[in-house]
Every structure is written in structure tokens, then in C-alpha cells.
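Here's a sequence, model it:
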Amino acid sequence: MEAARRLEPANAPAGAAGGEGRPPAGATGAVGGRPGSDGVPGGVPWNVQEETSGARFARRFGRGLLWTVVALAAITGVRSWFFPDKPPQAPPPVVQAAPRYAEAQAQAVAARFARAYLTWSEDAVAQRESALALDLAPGVDVRLGWDGKGTQRVEELYPGTVTVLKDGRARVRIEALVSGAPAAQGKASAQWIGLDVPVARVGERIVVTGAPGVVALVRPAAPAPWEAPEADAEMSTRTKGVVEQFFKQYAAGDPSAVAAPGVRIPALPKGYVLAAVNNWTVDLAKGDERTGTAVVTWSTSGGTVSQTYRVSITRVASANAGRWQVSGLHGGAY
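Purely as a prediction, here's the structure:
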């Protein structure tokens, strides 16, 4: 590469007339481009000098830095034409879950109110009104439509479903067994009824807002048919004696004596005596842990009653032999 050159002014001859840089008389360097007496080609009043390596590096580095900045600016600008920066998105709003209705409190208040409401006697009018006033909202007539005649009492009562409505209101279903005045034969009639109690939340309290309504109780719907597991007949026969012995001890108060090692099973309440293990079937399966169904008849309170249990058995092995023992049970067919 040809070396870069820079120009520097040559020293003017001493004694130049008027100090205006004109050449002295007789100088030939400025005519016809021939070399002058000072050796400068063409009579040019400066010298050409070679550029140093440090100056070349600085110039090239500055030029490269400048083009880099220009290129980055161009690339950034073009990218923003096609992919503009998205504005910052606000975080999603935090939705505060509505506080759960105080269903347990509503059931307790409705149950206490229902017991007072469904109980009346001509001899205890004031007591009934005082009991109702505990849960009635202010301004509601405590008689609630009763004419003050007759007799009725509550035998049993259970709070049921709470149907939550708007504005802090709800409806509580109560199921109650009530008996009226004795009939002509001397026996009081009793029946199960439903009672829908309107309630509302006022501050920290649940109050009854008005008269309830008696409704019929809906009969339960039939569930899907239960398919019992396939039985293992050989295993059922082999282990029936084990299960019979367990239920005898279960009623006698010491089931752990015949249970599997390390298993503790609470004894049956007093008053039950084993009448028979009517049926015992082991589910078809493999392994040392098996489950079966037992139908058991108990003698109790002067009569007998048949009940169903699911019983778990496990094989306990010793040095000489192995045996099956009960490792758990619960009531019901599944």
C-alpha cells in the first residue's frame, strides 16, 4: 500500500520583500515547474512527509468505530420498523375471592330456631316466644302465625343443606321428627318433616328474617347397582374358620388376641353376641394380603340383626407353617 503523505509549509527565504512570501529575484523554482534552488519539486512551498504508523492506527480505529456506531443505529432502527417494542403490560388484576358464607353458623342458628318454632303448648306460650326471640331479626312478630292452641314437640332434629342467596341471605333446610297431641287411642303421632328457614348475615351474626315453611322430605334416589367382586371359593372355605373365631373375640372384647401381629382392633361395644357368620367370601386375587366380605348376625337387645363387614386378612409365616389372620375391618359392603 502506498504510504500516506501529509503536507507541511516550507520555510520562506530570508529577506523576502514586504514579508508577503514572494520569491526573491532570480529564483527559478516557480517557473515551468522546474525544481527551485531549495530542492522542492515544482516550487511548492511545503514538504511531503511520511505519516507515522501510530497516526495511521488512530485514523483507522476512529473510522471503524464511527462505522460501527452507524451500523448499530441502522440495524436498531430497521428492527423497530418491523418489530416495534411492545408497551409494558399492566399486571392482571387480583380478584378477591368472595368470603365463604358462614354455613355452620347458619345451620346452628336455624336448628335452634326450628326446635323452638316446632314446639308449642298452650301452657308455655311465653317460653316459646322467648326462645324464638333469640334468633329473630328485630321487628318480626315472635308468634309467627301460631294461634296459641294445641301441643307439639320435637323428638329429633338435624340441620341440612344451606342454599346461599344474594345480599348475605340464605335458606337452611331442617329435618325434624315431630309428634303431635295424643290421638284418641292414647298414642301421639310422629312424622319426619322438612322446614326451610330463611336467614341473613347481619354483621357477625346470623338472624332469622321471617316465618319458615314446612316442606316434604324427598325420598332418596337409588344409586347405581353395586357389582360385588368375583369370589375365590377355595380361599373362602379355607379361611372361614379364621373369620368366625375373630368375630367371636370381637364381640367378647379381645379381638387383638386373634388378629395379625402388631394389629390393634378396638372391641365391639357391649351388648352384642355372635349368632352366626352367615356368609364369607374372599375376593379373587393373589398375594399374601387379601380382602373379603362377611355377613354377620348379632344377638342384641332381645333380638337379632344382620350386618355386613369388609375384612382384610394377611398370611403370617413362621418357621414351620403359615396361617391367615385378620389385619383390619370396617362396616359396609365396600
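
switch to C-alpha atoms for all contacts and neighbour counts from now on
OK.

Looking at Val199 now. What's its pLDDT?
Per-residue pLDDT puts Val199 at 97.

That one in helix, strand or coil?
Val199 falls in the strand class when you classify it by DSSP: H, G, I helix; E, B strand; the rest coil.

Out of the helices and strands in this protein, which is least certain?
Least confident helix or strand, the chain: strand 5-9 with a mean of 47, by mean pLDDT, DSSP states H and E.

Backbone torsions only: list them for Ala211.
Main-chain dihedrals, Ala211, degrees, to the nearest 10: phi -70, psi 140.

per-residue confidence at it?
Looking at Ala211, its pLDDT stands at 95.

what's next to stretch 90-110, contact-wise?
135, 159-160, 162, 164, 168, 172, 174, 197, 199, 206-208 (C-alpha atoms under 8 Å, 6 or more residues apart in numbering).

Could you export those as CSV, including distance to Trp120, secondary structure and neighbour count?
Listed next are the contacts of stretch 90-110 as CSV, based on distance: C-alpha to C-alpha, whole Å; DSSP: H, G, I helix; E, B strand; the rest coil; neighbours: other C-alpha atoms under 10 Å:
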residue, distance to Trp120, secondary structure, neighbour count
Asp135, 17, coil, 18
Pro159, 20, strand, 21
Gly160, 23, strand, 16
Val162, 26, strand, 22
Val164, 29, strand, 17
Gly168, 30, coil, 14
Val172, 21, strand, 24
Ile174, 17, strand, 24
Val197, 17, strand, 25
Val199, 22, strand, 27
Ile206, 24, strand, 24
Val207, 21, strand, 22
Val208, 18, strand, 26
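
Looking at these, which one is closest to Pro223?
For the contacts of stretch 90-110, the minimum distance to Pro223 (C-alpha to C-alpha) is 20.3 Å, reached by Gly160.

three-state assignment of Ala222?
Three-state assignment for Ala222 (three-state DSSP): coil.

Surely Ala74 is in a strand?
No - counting by three-state DSSP, Ala74 is not found in a strand; it is helix.

What residues sit buried inside stretch 309-318?
Under the neighbour-count criterion of 16 or more other C-alpha atoms under 10 Å, stretch 309-318 has Tyr309, Arg310, Val311, Ser312, Ile313, Thr314, Arg315 buried.

Please list the members of those that lie in helices.
Taking DSSP state H, every one of the buried residues of stretch 309-318 sits outside helices.

and stretch 132-142, how far out from the chain's middle?
Between the centre of stretch 132-142 and the centre of its chain there are 40 Å (C-alpha atoms, centre = their mean, to the nearest Å).

Only the buried residues of it, if you could.
Leu132, Ala133, Asp135, Leu136, Ala137, Val142.

Pick the one among the residues you listed closest to Gly322.
Distance to Gly322, by C-alpha to C-alpha, is smallest for Asp135 among the buried residues of stretch 132-142, at 65.2 Å.

Surely that closest one touches Val208?
Yes - under the criterion of C-alpha atoms under 8 Å, Asp135 makes contact with Val208 at 5.7 Å.

shared neighbours of the two, which are they?
Contact criterion C-alpha under 8 Å, 6+ apart; residues shared by Asp135 and Val208: Val109, Phe113.

how much space between Ser312 and Ala275?
According to C-alpha to C-alpha, to the nearest Å, Ser312 stands 21 Å off from Ala275.

With Tyr250 instead?
According to C-alpha to C-alpha, Tyr250 stands 12 Å off from Ala275.

which residues of the chain fall in helices?
Using DSSP H, the helices of the chain run over residues 53-82, 103-117, 125-133, 233-252.

Can you tell me which of those is packed in deepest?
helix 103-117 (a mean of 20; mean count of other C-alpha atoms under 10 Å).

what about that one, distance to the chain center?
From the chain centre to the centre of helix 103-117 is a distance of 30 Å (C-alpha atoms, centre = their mean).

residue contacts, the closest residue to Val263 other than its chain neighbours?
Leaving aside its sequence neighbours, Val263 sits nearest to Ser327 (C-alpha to C-alpha, 6 or more residues apart in numbering; 6.1 Å). Each residue near Ser327 by C-alpha under 8 Å, 6+ apart is listed here: Ala259, Ala260, Val263, Val311, Ser312, Ile313, Thr314.

Give me the neighbour count for the closest residue to Val242 other than its chain neighbours.
Of all residues not flanking Val242 in the chain, Gln325 sits nearest, at 6.6 Å (C-alpha to C-alpha, 6+ apart). Residues contacting Gln325 under the criterion other C-alpha atoms under 10 Å number 20.

again with Tyr334
12.

What's the per-residue pLDDT of it here?
88.

got the contact list for the residue nearest to it when sequence neighbours are not counted?
Leaving aside its chain neighbours, Tyr334 sits nearest to Arg310 (6.6 Å; criterion: C-alpha to C-alpha, 6+ apart). For Arg310, the contacting residues are Thr291, Gly292, Thr293, Ala294, Leu329, His330, Gly331, Gly332, Ala333, Tyr334, by C-alpha under 8 Å, 6+ apart.
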